[in-house]
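Student: Curious how this folds, go ahead:
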Amino acid sequence: MTLAMLLAGEFSSGARTFQGTGVGPVPDGGSGTPPVYGAPLVISFDVVGVNAPIVDISVAVTLTHTWVGDVDMRLASPNGTNLVLVSRIGVMTATGFGDDSNYGGTYTFNDAAPTPPHIWTVATDGSCGDTCTVTPGTYRTTEAGDFGQINPAPRTQLNLAFAGVTNPNGTWTLMARDAAQNDVGSVTAASLTVHGTLDTNVVTHTGDDGPGSLRYVLADSGPGHVITFASNVIGMITLTNGELVIGKSLSIVGPCAKQLTISGNNSNRVFHITNGVVNISGLTIANGFATDYGAGIKMDGGSNTISACAIVGNHAESNGFSGGGGIYADSDVYLNVENSTLAGNESGAAGAGIFANAGAVLTIRNTTISSNRTVFVGGITTKRGGGIAFGGLGSGILTLINCTVTGNSSTNGGGIDDSGSSYIHVITNSIIAGNSGVTGPDLKGT
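Tutor: Model (predicted):
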């Protein structure tokens, strides 16, 4: 990294923050039927050292201005791509002046903002009048106020809008302008955070310790990094030092499930995801062993995607309750499985292929779940969900698209079991057949 790059932005885990220049008063709008825009205040961000594609964008604006219905703010990239951050809150007619509440503080716009609150809802609430300040905080971007707009205006996607920018470097601009006369304000600070192409760390050998090992690279990688494998790393990585713990957002991109296996050596769980947004692709995850949940992969939280993987021959076993020979997803998990195979996994109680706690949201596409089975362990005679099972009293969503669930076995729900839960099933173009069980051989539950 050059000195110029260090001076221009703060570097942290693949994201760079750039301070805006040209802050100041927003020129007043003109008289007449709005919008009659005054000259724009143009704030510039000189972005350097960011590689496409853009992964995440965040804009923070410290703004004071009376009558939020006057204010229009838009972000533009060097190639001219632009998006409204927020504009003319409350305007829904051709001649409307919009909402009369006020800006007063720092407002950050990014796609990770909690929903609610919605900035339109906060501003137009009946208790927030012309002396009220819209609560500073983090909000999603929204469509502009205009004729025919609804309240609240639909949210937009900042990251999607700029995903196609092929060169993020150069001058970005934030334009703030006023649409009507009399109410005025100013921007006293602004910053733009751009997270470009993720840093890449490379696994260089199949050992389980030392520099270049998958274990070492995982520990050394920061949030947002991508882990890949050198061309000579093929065959099997056998874990001899315990499970691989992932507690940050990152991606592991294997060469191909047929070329590289991560093995738990029939004595360790393979992956344990505790938090973050984790993507794992192009691997076989095999021979995992756990005495509770998730022998192949245990997910305590996060929004995780498993793509083009084979999850095979894993076993979750205990003298108490256990589940998820292949994958376990706890109640806060969003799990996407795509173009994968889960086969030959076993569980001592439930969900030999996948076990999800109530509240988890599962989306499974183009995936085969076959030949998984629950087995007799420790006196537990009521088994359920050879392929997929759900536990706990609660609800969630299971979506199956272009999937095959076959050849799985359990006492109850040989294919899928959600007895005791109230899961919503969305099943499209999928086969659930040829499974075995005393009760509900293919599907048991709601």
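
Student: In the stretch 101-250 of the chain, where is pLDDT below threshold?
Tutor: Along the stretch 101-250 of the chain, segments meeting pLDDT under 70 span 197-200.

Student: now the helices for it?
Tutor: Counting by DSSP state H, counting those that start in this stretch, the segments of the stretch 101-250 of the chain that form helices are 119-124, 158-162, 214-220.

Student: quick one: buried residues of the second one?
Tutor: Looking back up the chat, that one is helix 158-162. Using 16 or more other Cβ atoms under 10 Å as the test for burial, helix 158-162 gives 158-159, 161-162. Backbone N, C-alpha and C define where each C-beta goes, glycine included.

Student: returning to what we had before: most neighbours per residue, which of the helices of the stretch 101-250 of the chain?
Tutor: helix 119-124 (a mean of 22; mean count of other Cβ atoms under 10 Å).

Student: Please state the offset of it from the chain centre?
Tutor: In terms of Cα atoms, centre = their mean, to the nearest Å, the centre of helix 119-124 is found 26 Å from the chain centre.

Student: what about the nearest residue to residue 154 once chain neighbours are set aside, how many residues close to it?
Tutor: Closest residue to residue 154 apart from its sequence neighbours, by Cβ to Cβ, 6 or more residues apart in numbering: residue 143 at 5.1 Å. Neighbourhood size, residue 143 [other Cβ atoms under 10 Å]: 17.

Student: so who does residue 143 touch?
Tutor: Each residue near residue 143 by Cβ atoms under 8 Å, 6 or more residues apart in numbering is listed here: 84, 87, 149, 153-156.

Student: wait, which of those residues is closest to residue 297?
Tutor: Set against residue 297, the nearest of the contacts of residue 143 by Cβ to Cβ is residue 155 (32.0 Å).

Student: if we can go back for a sec, distance to residue 248 added to the helices of the stretch 101-250 of the chain, as JSON lines?
Tutor: Shown next, in JSON lines, are the helices of the stretch 101-250 of the chain (distance: least, Cβ to Cβ, whole Å):
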{"stretch": "helix 119-124", "distance to residue 248": "30"}
{"stretch": "helix 158-162", "distance to residue 248": "19"}
{"stretch": "helix 214-220", "distance to residue 248": "9"}
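
Student: Going by distance to residue 305, which of the buried residues of helix 158-162 wins?
Tutor: Nearest member of those to residue 305, counting by Cβ to Cβ, is residue 159, at 16.3 Å.

Student: Now that closest one: closest residue in space, sequence neighbours ignored.
Tutor: Leaving aside its sequence neighbours, residue 159 is closest to residue 111 (5.1 Å, by Cβ to Cβ, 6+ apart).

Student: and that neighbour, what does it touch?
Tutor: Contacts of residue 111 by Cβ under 8 Å, 6+ apart are 56-57, 140, 157-159.

Student: Among the helices of the stretch 101-250 of the chain, single out whichever gets nearest to residue 314.
Tutor: Proximity to residue 314, assessed across the helices of the stretch 101-250 of the chain by Cβ to Cβ, is greatest for helix 214-220 (17.4 Å).

Student: What helices and strands are in contact with the closest one?
Tutor: strand 200-203, strand 226-229, strand 244-246 (3 or more Cβ pairs under 8 Å, 6 or more residues apart in numbering; DSSP states H and E).

Student: can you redo these as JSON lines with distance to residue 75 and mean neighbour count?
Tutor: As requested, those are exported to JSON lines (distance: least, Cβ to Cβ, whole Å; neighbours: other Cβ atoms under 10 Å):
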{"stretch": "strand 200-203", "distance to residue 75": "28", "mean neighbour count": "16"}
{"stretch": "strand 226-229", "distance to residue 75": "26", "mean neighbour count": "20"}
{"stretch": "strand 244-246", "distance to residue 75": "33", "mean neighbour count": "20"}
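
Student: Turn these into a markdown table, including distance to residue 183.
Tutor: Shown next, in a markdown table, are the helices and strands packed on helix 214-220 (distance: least, Cβ to Cβ, whole Å):
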| stretch | distance to residue 183 |
| --- | --- |
| strand 200-203 | 49 |
| strand 226-229 | 47 |
| strand 244-246 | 50 |
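
Student: Just tell me which of those ends up closest to residue 329.
Tutor: Nearest of the helices and strands packed on helix 214-220 (Cβ to Cβ): strand 244-246, 14.2 Å.

Student: Could you list every helix and strand in contact with the helix or strand that comes right after that closest one?
Tutor: Per DSSP states H and E, the first helix or strand lying C-terminal to strand 244-246 is strand 250-253. On a contact count with 3+ Cβ pairs under 8 Å, 6+ apart, strand 250-253 meets strand 226-229, strand 278-281.

Student: name the helices or strands packed onto the last one?
Tutor: Identification of packing neighbours for strand 278-281 by 3+ Cβ pairs under 8 Å, 6+ apart yields strand 250-253, strand 303-307.

Student: likewise the first one?
Tutor: Using 3+ Cβ pairs under 8 Å, 6+ apart as the contact definition, the elements that strand 226-229 packs against are strand 200-203, helix 214-220, strand 250-253.

Student: now for those, which one comes closest to residue 190?
Tutor: Across the helices and strands packed on strand 226-229, closest to residue 190 is strand 250-253 (Cβ to Cβ), at 29.9 Å.

Student: Give the partner strands of the closest one in its sheet and their orientations.
Tutor: strand 226-229 (parallel), strand 278-281 (parallel) (DSSP bridges).

Student: For it, report the contacting residues that lie outside it.
Tutor: 198, 218, 221-229, 276, 278-283.

Student: Which among the residues you listed count as buried?
Tutor: For the contacts of strand 250-253, buried by 16+ other Cβ under 10 Å: 198, 218, 221, 223-229, 276, 278-283.

Student: Next up, the contacts around residue 15.
Tutor: Here residue 15 is in contact with 56, 193-195, 224 (Cβ under 8 Å, 6+ apart).

Student: quick one on the thing from earlier: would you convert the strands paired with strand 250-253 into CSV that also reports distance to residue 414?
Tutor: Converted to CSV, the strands paired with strand 250-253 look like this (distance: least, Cβ to Cβ, whole Å):
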stretch, distance to residue 414
strand 226-229, 36
strand 278-281, 27
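
Student: and of these, who's closest to residue 99?
Tutor: Taking the strands paired with strand 250-253 one by one with Cβ to Cβ, strand 278-281 is closest: 40.6 Å.

Student: which residues in the stretch 151-300 of the chain form strands?
Tutor: 170-178, 185-195, 200-203, 226-229, 235-238, 244-246, 250-253, 260-263, 271-273, 278-281, 284-286, 289-290, 297-299 (DSSP state E, counting those that start in this stretch).

Student: Buried deepest among these, which one?
Tutor: strand 297-299 comes out most buried of these by mean count of other Cβ under 10 Å, with a mean of 28.

Student: Could you give the average pLDDT over that strand?
Tutor: For strand 297-299, mean pLDDT rounds to 96.
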